[in-house]
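A.B. asks: requesting a structural model of the entry that follows:
(one chain, ligands or ions: 1)
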Amino acid sequence: MTRYAHITGWGMSVPERVLTNDEIAQFVDTNDAWIRERTGIRERHIANPEETTGLLATQAALKAMEVANVRPTDVDMIIVATSSPEHLFPSTACLVQDRIGATDCGAFDILAACSGFIYAVDIAAQAIKSGSIQTALVIGSETLSRLVNWRDRTTCILFGDGAGAFVLQASDEPGGVLSSMLRSDGSGGDLLTIPAGGSSIPASPHSVGNDLHFIQMNGREVYRFATRVMAKATEQVVEAAGLKMEDIHLIVPHQANYRIIEAAARGLKLPLERFVINVERYGNTSTASIPIALCEAIESGRLQREQNIVIVGFGAGLTWGAAAIHWTGPFPSEKKVYQQRYQLLARARSIARRTLRRVEGWIYGRK
Ligand code: UT7
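C.D. replies: Numbering: from 1, shown residues only. Okay, here's the model as predicted:
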């Protein structure tokens with residue numbers, strides 16, 4: 001029997017603090033008019049020190065699970081796509097797994113920069129379609145404000161913080177993720193990078209003194225690359241899904257720059273109204289930008305059941321990708337899942353496990 005991977009839950013979380021262009025203009029040489037004209041961005045959300053990538057991811061995930069009405073114990077796989085993980089390891093996905101109490105599931109991060117969410121959706125959908133799992137939680141979460149050089153006007157104006165999450169579930173009913181494509185071109189790796197902090201350039205006084213732990217970007221080249229790949233990737237997944245462009249109700253592109261989305265619309269000969277655009281309020285939230293935009297489209301009623309959409313993105317690597325999705329919404333379910341109860345249980349379980357580990361360590365240490 002053919003299996004399908006439907007998106008049955010969605011949720012987003014953004015920090016409360018909003019940083020406007022005018023505020024940025026107080027500490028770097030820029031201005032609101034330049035930023036709006038060149039990027040379309042008006043403001044972005046910035047995390048406070050307590051709001052970490054894992055916390056935003058957990059909040060978005062809980063909302064998505066609420067919509068899908070699934071228990072944390074139903075989740076078989078958690079994928080967090082992020083360019084700003086809490087640590088190199090453990091993965092941010094494992095932090096989410098512990099916080100939500102998903103006791104029976106694999107968890108890992110994906111590093112494909114801003115295309116990461118599409119990569120994660122593809123992997124989760126393939127795992128569901130193959131029959132190896134039933135339910136996946138796919139999250140894009142970022143606190144890029146921590147990795148931005150706030151003295152560099154060419155990059156600090158662009159990025160924002162936030163998270164978005166989907167629940168994907170198996171079904172015999174046709175629909176869900178119909179097709180997807182993932183691509184990469186490592187020859188462009190130096191165009192958008194955080195040079196230090198990995199094994200190539202470990203942290204040192206030199207790396208810190210030379211700002212090598214911050215985002216560095218050749219904006220013009222990334223712009224050229226993005227406008228080249230967006231339209232083509234969209235066309236490819238639409239064709240692979242056996243659809244025509246007129247069958248696509250909405251395109252949800254990565255929100256990096258209004259002009260890049262305009263160029264994609266021109267390339268596809270589609271009116272801009274067919275695109276979901278919210279870059280003016282969030283800036284570029286990397287892996288979180290597509291799920292946040294999609295959440296807003298659903299919540300505002302722009303997307304209805306039985307409509308087709310395309311999600312399409314690009315980013316460092318270089319990477320790009322797209323997926324065509326038949327939108328069906330949550331599966332009907334009889335019994336309401338009370339997420340709060342599971343939350344309490346998850347916290348208690350986590351504390352108990354840590355305590356037990358400490359006690360065991362103490363006992364074996366004495367021996
Ligand atoms: O998820 C992927 C992430 N990255 C992207 O999507 C980035 C893609 N690239 C872009 O969006 C655009 O290239 C930028 C928005 C980054 C830059 O826009 P641009 O139209 O390509 O500007 P530019 O880099 O060609 O710079 C034009 C001028 C330069 O001055 P000169 O050399 O012409 O005198 C810059 O120094 O604008 C100057 N400039 C600024 N001026 C005021 C650069 N940044 C700023 C700024 N405020 N913030």
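A.B. asks: near the ligand, which residues of the stretch 251-367 of the chain show up?
C.D. replies: 256, 257, 284, 315 (C-beta under 6 Å from any ligand atom). All C-beta spots, glycine's among them, are computed from the backbone N, C-alpha and C.
A.B. asks: list the contacts of residue 241.
C.D. replies: Residues near residue 241 by C-beta atoms under 8 Å, 6 or more residues apart in numbering: 178, 179, 308, 324.
A.B. asks: could I get the full set of strands for the stretch 1-150 of the chain?
C.D. replies: For the stretch 1-150 of the chain, applying DSSP state E, counting those that start in this stretch gives strands covering 4-13, 18-20, 43-45, 77-81, 106-110, 135-143.
A.B. asks: residues making contact with the second one?
C.D. replies: The set of residues external to strand 18-20 that reach it, using C-beta under 8 Å, 6+ apart, is 32, 42, 43, 44, 45, 46, 160.
A.B. asks: close to the ligand, is it?
C.D. replies: No - applying C-beta under 6 Å from any ligand atom, one finds strand 18-20 separated from the ligand by no less than 13.7 Å.
A.B. asks: show me what counts as buried in that strand.
C.D. replies: Of all the residues in strand 18-20, those buried under the rule 16 or more other C-beta atoms under 10 Å are residue 19.
A.B. asks: can you tell me the closest non-neighbouring residue to residue 129?
C.D. replies: residue 3 (5.1 Å; C-beta to C-beta, 6 or more residues apart in numbering).
A.B. asks: show me what contacts the one you found?
C.D. replies: Residue 3 sits next to 128, 129, 130, 131, 170, 171, 172 when contact means C-beta under 8 Å, 6+ apart.
A.B. asks: just checking, the second one touches residue 5?
C.D. replies: Yes - using C-beta atoms under 8 Å, residue 129 makes contact with residue 5 at a distance of 5.6 Å.
A.B. asks: so between these two, which is more surrounded?
C.D. replies: The neighbour comparison of residue 129 against residue 5 (other C-beta atoms under 10 Å) goes to residue 5, with 26 against 16.
A.B. asks: now the residue nearest the centre of the chain: how far from residue 331?
C.D. replies: Centroid-nearest residue in the chain, with C-alpha atoms, centre = their mean: residue 140, separated by 2.2 Å. Here residue 140 is placed at a distance of 23 Å from residue 331 (C-beta to C-beta, to the nearest Å).
A.B. asks: again with residue 213
C.D. replies: As judged by C-beta to C-beta, residue 213 and residue 331 stand 44 Å apart.
A.B. asks: ditto for residue 283
C.D. replies: Using C-beta to C-beta, residue 283 is found at 34 Å from residue 331.
A.B. asks: these two: which is more packed in?
C.D. replies: Looking at residue 283 and residue 331 with other C-beta under 10 Å, you find the greater number of neighbours at residue 283, namely 31 against 16.
A.B. asks: please name the nearest non-neighbouring residue to the residue of the stretch 251-367 of the chain found nearest the ligand.
C.D. replies: Closest residue of the stretch 251-367 of the chain to the ligand, C-beta to the nearest ligand atom: residue 256 (3.3 Å). Nearest residue to residue 256, sequence neighbours excluded (C-beta to C-beta, 6+ apart): residue 284, at 4.6 Å.
A.B. asks: residue 192 now?
C.D. replies: Sequence neighbours aside, residue 316 is the residue nearest to residue 192 in space, at 3.9 Å (criterion: C-beta to C-beta, 6+ apart).
A.B. asks: spit out the contact partners of that neighbour.
C.D. replies: By C-beta under 8 Å, 6+ apart, the residues touching residue 316 are 83, 113, 114, 189, 191, 192, 193.
A.B. asks: hmm, residue 223 and the fifth one touching each other?
C.D. replies: Looking back up the chat, that one is residue 191. No - taking C-beta under 8 Å as the definition, residue 191 is not a contact partner of residue 223, at 10.0 Å.
A.B. asks: read off the pLDDT value for residue 119.
C.D. replies: Reading off the confidence values, residue 119 has pLDDT 98.
A.B. asks: how much space separates the nearest residue to residue 78 once chain neighbours are set aside from the ligand?
C.D. replies: Leaving aside its sequence neighbours, residue 78 sits nearest to residue 107 (C-beta to C-beta, 6+ apart; 4.2 Å). Distance of residue 107 to the ligand, given as C-beta to the nearest ligand atom, to the nearest Å: 25 Å.
A.B. asks: does residue 107 really touch residue 72, like I thought?
C.D. replies: No - counting by C-beta under 8 Å, residue 107 does not reach residue 72; the two are 11.7 Å apart.
A.B. asks: these two: which is more packed in?
C.D. replies: Of the pair residue 107 and residue 72, residue 72 is the one with more neighbours under other C-beta under 10 Å, namely 25 against 20.
A.B. asks: residue 66 versus that one, what's the distance?
C.D. replies: To residue 66, residue 72 is 11 Å away according to C-beta to C-beta.
A.B. asks: what touches both of those two?
C.D. replies: Common contacts of residue 72 and residue 66 (C-beta under 8 Å, 6+ apart): residue 339.
A.B. asks: show me the contacts for residue 325.
C.D. replies: Residues near residue 325 by C-beta under 8 Å, 6+ apart: 7, 176, 177, 178, 308, 309, 310, 311.
A.B. asks: what's the longest helix in this protein?
C.D. replies: helix 339-366 (DSSP state H).
A.B. asks: for it, the distance to its chain's centre please.
C.D. replies: 30 Å (C-alpha atoms, centre = their mean, to the nearest Å).
A.B. asks: report how many residues lie close to the residue lying closest to residue 188 once chain neighbours are set aside.
C.D. replies: Among residues not flanking residue 188 along the chain, residue 318 sits closest, at 4.0 Å (C-beta to C-beta, 6+ apart). Number of residues near residue 318 (other C-beta under 10 Å) recorded here: 22.
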